[in-house]
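# attaching a predicted model along with its sequence, questions to come.
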Amino acid sequence: LEHDRDLRKRELDSQKTALQKEKETQLTAYDREKADAEAQYDALSAAFDAYSGDIKTIEAGIAAFRVSESATANATILTELDTFVSQYKAKMAEVAATKAASQKEADLDEYNANKDRWTAAKTRGDKAEMARLAARNQELRDLYGVGGDTGKKLQHFSAGGIVQGAAGSAVPVIAHGQELILNASQQAALWDMIVTPRVAAQAPAAPTYITQNIDMGAENVTLTDKADVGMYFDEKARAAQRLATMGIRE
């Protein structure tokens, strides 16, 4: 029994020693793995710190780019806005001018219609209506600078025409911007120019002389025999004959 117990004890001691060695081996491996992990973390942390610096530089560049682009965009928007405002003002001026012309036509039609209404009111003895129409027409005359009421309707010539009334008599009219008014003498002068146009005499053109210089000479011609000489002079004679046929003389 003692021998068995001794053997069992040795076996357990051997297992204990083996386990102890395995424990030490695993601890060593764990320490090595831990050291490697810490070194890798330090390397990653350093790389991240260095890279984050680049990121900040990039972010700063992007921010500056955005500010610059915003300024450029704002300048473009302001320029386009100024152009739009100018075009809008021009359009509104055109609309206002058209509206003013249309309003002038409408006021003229109202003035002449009021004349007919005033005559109708006078016929039926409506003095209140006569007074109202007279006051309204006075407002229209004051608006357009018409001196007084001649008792006749006002005329306008936006589409052209002849002033109605006795020759030489003063007749109130509504004139429009850029219209041309010609009196009798000016009209006569205009018709005289149309019927008998006067064209300024022009000085005769100076004669043109054309001088042609034809060179029948030749340079660096090599004539080896009598046949070459004959052919050379024959070609010159034919060339002169062709020029004479074209009307070219010496």
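It's in.
# from here on, just use CA atoms for contacts and neighbour counts.
OK.
# after the longest helix along the chain, next one along is what?
The helix spanning the most residues in the chain, taking DSSP state H as the definition, is helix 2-124. Where DSSP states H and E defines the elements, the next helix or strand beyond helix 2-124 is helix 127-144.
# same for that next one, what does it pack against?
Using 3 or more CA pairs under 8 Å, 6 or more residues apart in numbering; DSSP states H and E as the contact criterion, the secondary-structure elements in contact with helix 127-144 are helix 2-124.
# could you rerun that using 10 Å?
Packing partners of helix 127-144 (3 or more CA pairs under 10 Å, 6 or more residues apart in numbering; DSSP states H and E): helix 2-124, strand 173-174.
# now stretch 46-63: mean pLDDT?
Stretch 46-63 shows a mean pLDDT of 66 in the predicted model.
# quick revisit: relative to helix 127-144, how tilted is the longest helix of the chain?
120 degrees (axes from the mean of the first three to the mean of the last three CA atoms, to 10 degrees).
# about what we covered before: which one of the helices and strands packed on helix 127-144 lies nearest to residue 139?
Ranking the helices and strands packed on helix 127-144 by their distance to residue 139 (criterion: CA to CA) puts helix 2-124 first, at 9.8 Å.
# now tell me which helix or strand of this protein has the poorest mean pLDDT.
Sorted by mean pLDDT, DSSP states H and E, the helices and strands of the chain end with strand 155-156, the least confident at a mean of 60.
# worst mean pLDDT among the helices and strands packed on helix 127-144?
With a mean of 64, strand 173-174 has the lowest mean pLDDT of the helices and strands packed on helix 127-144.
# can you tell me which of the helices and strands packed on helix 127-144 is most buried?
strand 173-174 (a mean of 16; mean count of other CA atoms under 10 Å).
# for residue 145, phi and psi?
The main-chain torsion angles of residue 145 are listed as degrees, to the nearest 10 and equal phi 70, psi 30.
# what is the burial count for it?
As a burial measure, residue 145 scores 10 neighbours (other CA atoms under 10 Å).
# distance of it relative to residue 79?
43 Å (CA to CA, to the nearest Å).
# before we move on, what about residue 133?
Using CA to CA, we find residue 133 at a distance of 52 Å from residue 79.
# contacts only, for residue 4.
Residue 4 makes contact with residue 10, according to CA atoms under 10 Å, 6 or more residues apart in numbering.
# against residue 11, how distant is it?
From residue 4 across to residue 11, the span is 10 Å (CA to CA).
# just residue 224 next, same as before
133 Å.
# repeat for residue 37
When distances are taken as CA to CA, residue 37 and residue 11 turn out to be 38 Å apart.
# gap between residue 106 and residue 80?
On the measure of CA to CA, residue 106 and residue 80 end up 38 Å apart.
# part of a strand, is residue 148?
No. According to DSSP: H, G, I helix; E, B strand; the rest coil, the state of residue 148 is coil, so it is not within a strand.
# give the burial count for it, as a bare number.
Applying other CA under 10 Å, we find 10 other residues in the vicinity of residue 148.
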